[in-house]
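J.: quick one: sequence plus predicted model below, questions after.
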Amino acid sequence: MRCLARRFALTLLLAPSALLAALACSIGRTEPVEIAVRPAPPPQVISTPVKAHLLDGTNVIFPAGASIGEGALTGTGSRFGLRNEPLGRVDRIPLDSVAGLESFVRRTDTGASVAASTLGIVVGAAAVAVLAVAIFGSCPTVYADSAGVPVLEAEAFSYSIAPLFEARDVDRIRAQPGPDGVLRLEIRNEAAETHLINHLELLEVAHAAGERVTPDDRGLPWAARNLRPLPGVQDRGGRDVRAILSTDDGEAFASSPERLDAATAGDLRDWVEFELPSSPADTALLFIRARNSLLTTVLLYDVMLASQGAAAVDWVGRDLADLGTAVELGRWYAETMGIRVERRAGDRWETVGWMRDVGPIAFEEVAVAVPLRRDAATRFRLSFPVDNWRIDRIAWSAEVARPAWTIVPLARLSAPGSEGVEPDAPLLLGLPDQRYLETRPGASITVEFETTPGGSPRTYLLAMQGYYIEWIRPGWLSGLDGAPPRAGFSPGEGALAEAVDRWRVGRRWWEQRFAATQFPVR
């Protein structure tokens, strides 16, 4: 053992000399090899005003833009605290302290603002964990209280992703006023987004017992009697889907796996087809209760935003502020997405109605008026991008009319624990103008409407107008899947085909993670 130990020690002593000799011989025999050093990627420049939301709840505004490189966001910025109090100048922010970047749209009068100190992103480690993987999103969510349990009612102005896309959204609310005649609703921001609410009101529709009141795609109410399930309905592959579409139970139709697998550029649509019998009336209503799948989220997050990297901030703040660009995107979206209601006319299908996308969170019921024939049955189909919808129910009625309604203005607005909501917030939201109520992730406000007591049955429709700004996540800043960031977004068949391809491969992951990244509200 001693001899072995001495030999081992000698080896250790001699090894460096032997190694140097070996290297010397090797170097003497080998040509020099030039080792390529990959240069650091050039900084990404954001040329439009940008707001950086930080994980500690503060934010930094760079009014002249900023650059991203070497793990930091640099520029001439001003930092603001939890109550928007100025905290001085900032020139550099480590990217690992950034929760998200927001295209900063200058507004001369933004009205009330919910205080970030209690309702913003400072909600502890759980919030930071959610921000790191946040995929939950799409506009304000509306809840009603049911015996102490919040019940999801609606999702407002989905896909109004920039000021020029500001929209009015009208949703049927199942909740009824309390014994005091007050209808109370909670509006939450549960996503990595900034919501800007311009206008809020309630439509009170008095109607006869047994009538169903539902808004159409313009937000105007219809009343109908004797709603009936479709007599028979098949999807594009010939599946009989009548049973799943006949009841309002949350068990929803989705495109078949075979149809999704077969979808390719040039053939990206699915449909359900049915026939309505002849009728003395020349108009019927289709009552469609549905929500989007997460395909539209993949389209927005991956194809529109993440593929551009940091340039997505400029796309939202500059390109979508250009009327021509906004019109082009809006026209493509209307022609491609949503549900087209088509009637068979000879050997072709003609569009007779449309249901816009409503978002992936809450089911929404929309009434679509369609023409009927008196002498024969009429064949219809609902056509949509493959697997873009979860359709809970389709019913129809030919006994329809336009009811009268009353506007109930917002009476009170409160945000528990917050001093950031101005007392005149209800007045600020009374008219669609240039004043907005701004909420950040984690915000929750309670709104109250004083309804008309007694009388005939009433249905309530919540009308909300506004838009939202999606936060560009730090993980999106370098582009998508390691590919160089693209310059802008080009609407067209290719964009939808890419979204479908990504959805086909990753839909199980998206569905599992979506609700898990819902932002905590307190």
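T.: Structure's in. What do you need?

J.: show me what the strand or helix carrying residue 460 packs onto, helices and strands only.
T.: Residue 460 is part of strand 458-470, with elements assigned from DSSP states H and E. Applying 3 or more C-beta pairs under 8 Å, 6 or more residues apart in numbering; DSSP states H and E, one finds that strand 458-470 makes contact with strand 167-173, strand 182-188, strand 193-206, strand 212-215. C-beta coordinates here come from the backbone N, C-alpha and C atoms, glycine included.

J.: now render those strands as CSV, adding mean neighbour count.
T.: Below are those laid out as CSV (neighbours: other C-beta atoms under 10 Å):
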stretch, mean neighbour count
strand 167-173, 20
strand 182-188, 20
strand 193-206, 23
strand 212-215, 22
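
J.: the inter-axis angle of the strand holding residue 460 versus strand 182-188?
T.: Using axes from the mean of the first three to the mean of the last three C-alpha atoms, to 10 degrees, the direction of strand 458-470 lies 20 degrees away from that of strand 182-188.

J.: please work out the average pLDDT along strand 458-470.
T.: The pLDDT scores in strand 458-470 average 94.

J.: name the helices or strands packed onto the helix or strand following it?
T.: Per DSSP H and E, the first helix or strand lying C-terminal to strand 458-470 is helix 493-514. Counting contacts by 3+ C-beta pairs under 8 Å, 6+ apart, helix 493-514 is packed against helix 257-262, helix 295-298.

J.: and the closest residue to residue 282 other than its chain neighbours, how close does it get to residue 352?
T.: Nearest residue to residue 282, sequence neighbours excluded (C-beta to C-beta, 6 or more residues apart in numbering): residue 372, at 5.8 Å. From residue 372 across to residue 352, the span is 11 Å (C-beta to C-beta, to the nearest Å).

J.: check contacts around residue 174.
T.: With contact set as C-beta atoms under 8 Å, 6 or more residues apart in numbering, residue 174 has these partners: 144, 151, 153.

J.: ok, of these, which come out buried?
T.: Among the contacts of residue 174, those buried by neighbour count (16 or more other C-beta atoms under 10 Å) are 144, 153.

J.: can you redo the contacts of residue 174 as TSV with secondary structure and distance to residue 324?
T.: Output for the contacts of residue 174, formatted as TSV (DSSP: H, G, I helix; E, B strand; the rest coil; distance: C-beta to C-beta, whole Å):
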residue	secondary structure	distance to residue 324
144	strand	41
151	strand	42
153	strand	37
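
J.: I'd like to know which of the contacts of residue 174 is nearest to residue 280.
T.: The closest of these to residue 280 turns out to be residue 153 (C-beta to C-beta; 36.3 Å).

J.: per-residue confidence for the nearest residue to that closest one once chain neighbours are set aside?
T.: Nearest non-adjacent residue to residue 153, counting by C-beta to C-beta, 6+ apart: residue 142, 4.6 Å away. The per-residue pLDDT reported for residue 142 equals 95.

J.: quick check: beta-bridge partners of residue 142?
T.: Residues in a beta bridge with residue 142, per DSSP bridges, are residue 154, residue 187.

J.: kindly report the same for the one 4 residues further on.
T.: According to DSSP bridges, residue 149 are recorded as the beta-bridge partners of residue 146.

J.: what about it, how many residues nearby?
T.: Using other C-beta atoms under 10 Å, residue 146 is surrounded by 10 other residues.

J.: and it, how far from residue 183?
T.: Here residue 146 is placed at a distance of 13 Å from residue 183 (C-beta to C-beta).

J.: who touches both of those two?
T.: Joint contacts of residue 146 and residue 183 (C-beta under 8 Å, 6+ apart) are residue 175.

J.: would you confirm that residue 459 contacts residue 175?
T.: No: applying C-beta atoms under 8 Å as the test, residue 459 and residue 175 come out as separate, 10.7 Å apart.

J.: next SSE after the worst-scoring helix or strand of the chain on mean pLDDT?
T.: Ranked by mean pLDDT, DSSP states H and E, the weakest helix or strand in the chain is helix 2-29, scoring a mean of 34. Once the chain leaves helix 2-29, the next helix or strand it forms, by DSSP H and E, is strand 44-46.

J.: partners of that next one in the sheet?
T.: The sheet places strand 44-46 alongside strand 66-69 (antiparallel), with pairing taken from DSSP bridges.

J.: tell me the buried residues in the strand it pairs with?
T.: For strand 66-69, the neighbour count (16+ other C-beta under 10 Å) marks 66, 67, 68 as buried.

J.: same check, this time on stretch 401-408
T.: Of the residues in stretch 401-408, those buried (16+ other C-beta under 10 Å) are 403, 405, 408.

J.: now do the helices in the stretch 51-200 of the chain.
T.: Taking DSSP state H, counting those that start in this stretch as the test, the helices found in the stretch 51-200 of the chain are 116-119, 125-133.

J.: still on that earlier bit, higher neighbour count, residue 372 and residue 352?
T.: Applying other C-beta under 10 Å to residue 372 and residue 352 shows that residue 372 carries more neighbours, namely 20 against 16.

J.: ok, so what distance separates the more buried one from residue 393?
T.: 20 Å.

J.: what residue ranges in the stretch 151-300 of the chain are flagged as low confidence?
T.: Under the criterion pLDDT under 70, no range of the stretch 151-300 of the chain is flagged.

J.: please disregard the earlier target; I meant the stretch 401-522 of the chain.
T.: Those would be 417-424, 520, 522, if you go by pLDDT under 70 across the stretch 401-522 of the chain.

J.: now the strands for the stretch 201-350 of the chain?
T.: 212-215, 221-225, 228-229, 233-235, 269-276, 283-292, 339-345, 348-355 (DSSP state E, counting those that start in this stretch).

J.: tell me which of those sits nearest to residue 54.
T.: Residue 54 lies closest to strand 283-292 among the strands of the stretch 201-350 of the chain, at 31.4 Å (C-beta to C-beta).

J.: tell me the angle the closest one makes with strand 269-276.
T.: With the same axes, to 10 degrees defining the directions, strand 283-292 sits at 150 degrees from strand 269-276.

J.: can you give me the buried ones in strand 283-292?
T.: By 16+ other C-beta under 10 Å, the buried positions in strand 283-292 come out as 284, 285, 286, 287, 288, 289, 290, 291, 292.
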